[in-house]
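S.K.: Model the following, please.
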Amino acid sequence: LHPGVIGTNLWRYTPKWTRPLLNAIVTDKNIDQGASTNVYGCLAEKNFFPEGGEYLTDCAIAEPKSSGKDEKGSLRNKLWEATEKIIQKNGFELPKELLDGN
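M.R.: Take a look at the predicted model:
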């Protein structure tokens, strides 16, 4: 999912002189617009996603750029393993059905 570059107060950490430029050129969505693809992905009917794991942008399935792909799955596996460790380190357990599917 790519929400876009959202104009939020996170930009307050950039130098003051750059903010007008960033807001005019870099940000392409306000907060509501940026949240819309997240909300859409959560609420869309299951049959909207024919394969599962589709990439969404602007409330639609899209093809990610090659730099955003993980063809071999190695990055997603590393992320999953790191997430499992963080969850366990903080005293939580993942549901068994998530661990079985890994």
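
S.K.: So, low pLDDT: which residues of the protein?
M.R.: Along the chain, the parts satisfying pLDDT under 70 run over 100-102.

S.K.: Buried residues of the longest helix seen in it, list them for me.
M.R.: Counting by DSSP state H, the longest helix found in the chain is helix 74-89. Within helix 74-89, no residue qualifies as buried by neighbour count (16 or more other CB atoms under 10 Å). C-beta here means a position set from N, CA and C on the backbone, and glycine is covered the same way.

S.K.: Now do it: everything it contacts.
M.R.: By CB atoms under 8 Å, 6 or more residues apart in numbering, the residues outside helix 74-89 that reach it are 70, 93, 94, 99, 102.

S.K.: Please report phi then psi for the second one.
M.R.: Same thing as residue 93. Note on residue 93: backbone dihedrals following degrees, to the nearest 10 are phi -120, psi 140.

S.K.: that older thread, what is the nearest of the contacts of helix 74-89 to residue 36?
M.R.: residue 70 (25.1 Å; CB to CB).

S.K.: Could I get the full set of helices for the chain?
M.R.: Using DSSP H, helices in the chain cover 19-21, 31-43, 74-89, 96-100.

S.K.: Is it possible to get JSON lines of these that adds distance to residue 59?
M.R.: Putting these into JSON lines (distance: least, CB to CB, whole Å) gives the following:
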{"stretch": "helix 19-21", "distance to residue 59": "28"}
{"stretch": "helix 31-43", "distance to residue 59": "4"}
{"stretch": "helix 74-89", "distance to residue 59": "23"}
{"stretch": "helix 96-100", "distance to residue 59": "27"}
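
S.K.: what sits against residue 91?
M.R.: Neighbours of residue 91 in contact, by CB under 8 Å, 6+ apart: none.

S.K.: State the distance from it to residue 42.
M.R.: 27 Å (CB to CB, to the nearest Å).

S.K.: Perfect, I'm done here.
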